[in-house]
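A predicted structure for the sequence below; I have some questions about it.
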Amino acid sequence: MAINLAQVAKQKGIKYFLISFVDLFGTLRAKLVPARAIDDMQKDGAGFAGFAAWLDMTPADPDMFGVPDPDSLIQLPWNPEVGWLAADLWMNGKAVEASPRIILKRQLARAEKAGYRMMTGVECEYFLVNPEGTAISDPADTQSKPCYDQQALMRRYPVVKEICDCMLELGWGPYQNDHEDANGQFEMNWDYSDALKTADRHAFFKFMVKTIAERHSLRATFMPKPFANLTGNGCHTHVSVWDNAGKRNLFLRKSDDLGLSKLAYDFLGGIMHNATALCALFNPTVNSYKRIDAPRTLSGATWSPSSVTYTGNNRTHMIRVPDQGRFELRLMDGSTNPYLSQAGILAAGMDGVKNKRDPGKPLHINMYEEGHKVKSAKKLPATLLDALRLLEKSRELRSGMGDEFVDSYIKLKMQDWQQYTSHLSEWERQNTLDC
């Protein structure tokens, strides 16, 4: 039976709903709707002008409607009179094909027809910084290897506790919180789920972390590389594929050395085959490429990949297999769009399954020390421009995700790149003023 949001509002004391969507750049957009109007909004959606967000539209386009998904409802633990809803975008009675949540749902429907259900979990890293964003918020957090630093973790206990308490209240199953490898950096983990639920929770998590940080007079950032000398923010994603009922892990084969099935290797082969083009989605900002293949940081390692390789339980590769029946994709950074990230994984993985792409043998070496010896490994793109050009030429991702989406994404992201290249930096002044 369909959920009636008006009834839910009365039962739970919700006075307002945030009808929310994520645009192509990963920005959350929303309208705040009083509960008295939610019945009509549930049927017809909240109206938006698509051109006003990062979507490939013009002021001449008709109204775009965000139709809320009742199953996505999250009552804000820190403000229970507000309910958050993920919305699907519609225009002229049709789904907006180049909108992130629709793109993911299309991928999931294709996989379901083949008998597959992708399950994922994300590891979202973030920094707590001062309100201006110019420095980490804790001046005492100075260790050269601050990962798991108990003192630094507990100095930010009020913030971390409030976020974790919210996840506990929401039933996400959070199971650990830690100080990460960079000074001022934290990571919080919760249970994996089906890909759409993970994407919705990922989008909400970023909103929640930023909001709670502000309540403590701090600022949270998921920026890939906010400080040149510190480790960047990753968004490592754990992936497995199950049957449609979610009862059997189709990636699991206990007799295999890594515990992976033939399906898992084909899927993995698809990810590796398309990895360089996927960077446009997984690493979607100019700043993303300050994290990839970065020089060693204060802690001694970057924890980010530079080439397309996979391994067993070894964190120096783009993909590692930490346990039987799943793999961890370590390429994404904190700026990745929660929906496009999941959609890209599935589109590339299904390409691998369809074409039986062989990922080759795993490499059991330290890529940070011996990576230069692996001549056959593809290098990841060095800039956003390189990644966009690779996505633009990708027949596989165009086939899987649609020309309309790829063309729109390239168009808007190229505008972003052009704005960056027209910016005059202080480095240019210092190094070329007297040329």
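Sure thing, it's come through. Residues are numbered from 1 along each chain as shown.

Double-check that residue 59 belongs to a helix.
No. According to DSSP: H, G, I helix; E, B strand; the rest coil, residue 59 belongs to no helix; its state is coil.

ok, so what distance separates the closest residue to it other than its chain neighbours from residue 412?
Nearest in space to residue 59, with sequence neighbours left out and distances taken as C-beta to C-beta, 6 or more residues apart in numbering, is residue 51 at 5.0 Å. (Each C-beta comes from the backbone N, C-alpha and C, glycine too.) Using C-beta to C-beta, to the nearest Å, residue 51 is found at 11 Å from residue 412.

Local confidence estimate at the residue nearest to residue 83 when sequence neighbours are not counted?
Spatial nearest neighbour of residue 83, excluding adjacent residues (C-beta to C-beta, 6+ apart): residue 14 at 4.4 Å. We note a pLDDT of 98 for residue 14 in this prediction.

Residue 14: neighbouring residues, count only.
21 (other C-beta atoms under 10 Å).

so who does it touch?
By C-beta atoms under 8 Å, 6 or more residues apart in numbering, residue 14 lies in contact with 8, 35, 75, 80-83.

Most neighbours among those, which one is it?
Top of the contacts of residue 14 by neighbour count (other C-beta under 10 Å): residue 83, with 26 neighbours.

Show me what that one is bridged to.
Beta-bridge partners for residue 83, by DSSP bridges, are residue 17, residue 75.

circling back to that earlier point, isn't there a helix covering the residue nearest to residue 59?
Yes. Secondary structure of residue 51 (three-state DSSP): part of a helix.

Return the residues in contact with it.
57-59, 61.

Which one (most neighbours) among the residues you listed?
Busiest of these [other C-beta under 10 Å] is residue 57, holding 19 neighbours.

Check the gap between it and residue 89 for me.
Note on residue 57: its distance to residue 89, by C-beta to C-beta, is 10 Å.

I'd like the distance between the residue nearest to residue 83 and residue 7.
11 Å.

which one of the contacts of residue 51 sits closest to residue 114?
residue 57 (32.4 Å; C-beta to C-beta).

Settle this for me: that closest one is touching residue 64, isn't it.
Yes. If you go by C-beta atoms under 8 Å, residue 57 and residue 64 touch, sitting 7.3 Å apart.

from the contacts of residue 51, which is closest to residue 191?
Nearest to residue 191 among those, with distances taken as C-beta to C-beta, is residue 57, at 36.5 Å.

What's the local residue count around the closest residue to the closest one other than its chain neighbours?
Take residue 57 and drop its neighbours on the chain: the residue closest to it by C-beta to C-beta, 6+ apart is residue 50, 3.5 Å away. Neighbours of residue 50 under the rule other C-beta under 10 Å: 22.

Wait, residue 50 touches residue 59, no?
No. Assessed by C-beta under 8 Å, residue 50 is found out of contact with residue 59, at 9.3 Å.

May I ask you to confirm that residue 321 is in contact with residue 330?
No. Residue 321 is beyond contact range of residue 330, at 11.5 Å (criterion: C-beta under 8 Å).

of those two, who's got more company?
Each of residue 321 and residue 330 has its neighbours counted (other C-beta under 10 Å); residue 321 has more, 24 against 21.

How much space separates the more buried one from residue 426?
43 Å.

And residue 382, by the same measure?
The spacing between residue 382 and residue 426, counted by C-beta to C-beta, is 22 Å.

Using JSON lines, lay out the contacts of residue 51 together with distance to residue 434.
JSON lines is the format used below for these (distance: C-beta to C-beta, whole Å):
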{"residue": "57", "distance to residue 434": "46"}
{"residue": "58", "distance to residue 434": "45"}
{"residue": "59", "distance to residue 434": "45"}
{"residue": "61", "distance to residue 434": "49"}
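
Among those residues, give me the pair with the biggest separation.
57 and 59 (8.2 Å).

which residues are common contacts for these two?
In contact with both residue 57 and residue 59: 49, 51, using C-beta under 8 Å, 6+ apart.

Could you list the buried residues of the helix or strand where residue 274 lies?
According to DSSP states H and E, residue 274 maps onto helix 262-282. Residues 263-282 are the ones in helix 262-282 that count as buried (16 or more other C-beta atoms under 10 Å).

mean confidence score for that helix?
98.

likewise stretch 74-85?
With pLDDT averaged residue by residue, stretch 74-85 scores 98.

Might you calculate how far that stretch sits from the centre of the chain?
Distance, stretch centre to chain centre, for stretch 74-85: 22 Å (C-alpha atoms, centre = their mean, to the nearest Å).

now do stretch 204-212
14 Å.

Which residues does it contact?
For stretch 204-212, the external contacting residues (C-beta under 8 Å, 6+ apart) are 28, 74, 78, 84, 124, 126, 159, 162-163, 166, 188, 219-220, 222, 338.
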